[in-house]
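In: Here is my input; please provide its structure:
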Amino acid sequence: LGLLAAVVGGRPALAADLENGETVFQGNCAACHAGGNNSIATEKKIKKAELEKYLTGGYNIEAIMYQVTNGKNSMPAFGEKLGPDDIEDVANYVYNQAD
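Out: Numbering: from 1, shown residues only. Below is the predicted model of the structure:
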C-alpha cells in the first residue's frame with residue numbers, strides 16, 4: 001500500500017518517522033533553517049527550487065541525507081552526532097517540507 005501511494009502521489013515510499021524528523025530538525029537544524037530559510041547563506045533555502053539548484057545531487061532524500069551526514073561549506077556534518085535513523089528521518093522531513 002505504501003508503494004502504491006508513493007507511485008500515485010509521486011513521492012517515495014517513506015519508512016521514515018516524520019514526527020521524529022521534525023524533532024531532530026528542531027533540535028539541530030532550526031537555528032539556521034527555521035521556516036525553510038537559511039540564516040547563513042540566505043539564497044540557499046531548504047525549498048524545492050533551491051535544493052534543486054544548490055544541493056549536490058538535487059532534490060532527493062539521498063542527497064539530503066548525504067549533506068546532513070557530511071556537511072558542506074558552512075553547514076556542519078551531523079554524521080557523528082546523529083544516528084542513521086535520525087538522519088533518514090530528518091532528510092525525509094526536510095524533503096516533505098521543501099515541496
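In: immediately after the helix-or-strand element of the chain with minimal mean pLDDT, which helix or strand?
Out: Across the helices and strands of the chain, the lowest-confidence element by mean pLDDT, DSSP states H and E is helix 2-9, at a mean of 44. Beyond helix 2-9 on the C-terminal side, the first helix or strand identified by DSSP states H and E is helix 18-28.
In: list the helices and strands that next one packs on?
Out: Identification of packing neighbours for helix 18-28 by 3 or more C-beta pairs under 8 Å, 6 or more residues apart in numbering; DSSP states H and E yields helix 84-98. Where C-beta positions appear, they are placed from N, C-alpha and C, glycine not excepted.
In: quick one: contacts of stretch 66-84?
Out: 24, 28, 32, 40-41, 55-57, 87, 90-91 (C-beta atoms under 8 Å, 6 or more residues apart in numbering).
In: now the chain, which segments are flagged as low pLDDT?
Out: Within the chain, the stretches falling below the threshold (pLDDT under 70) are 1-15.
In: Could you give the number of residues near Gly35?
Out: When neighbours are counted by other C-beta atoms under 10 Å, Gly35 registers 11.
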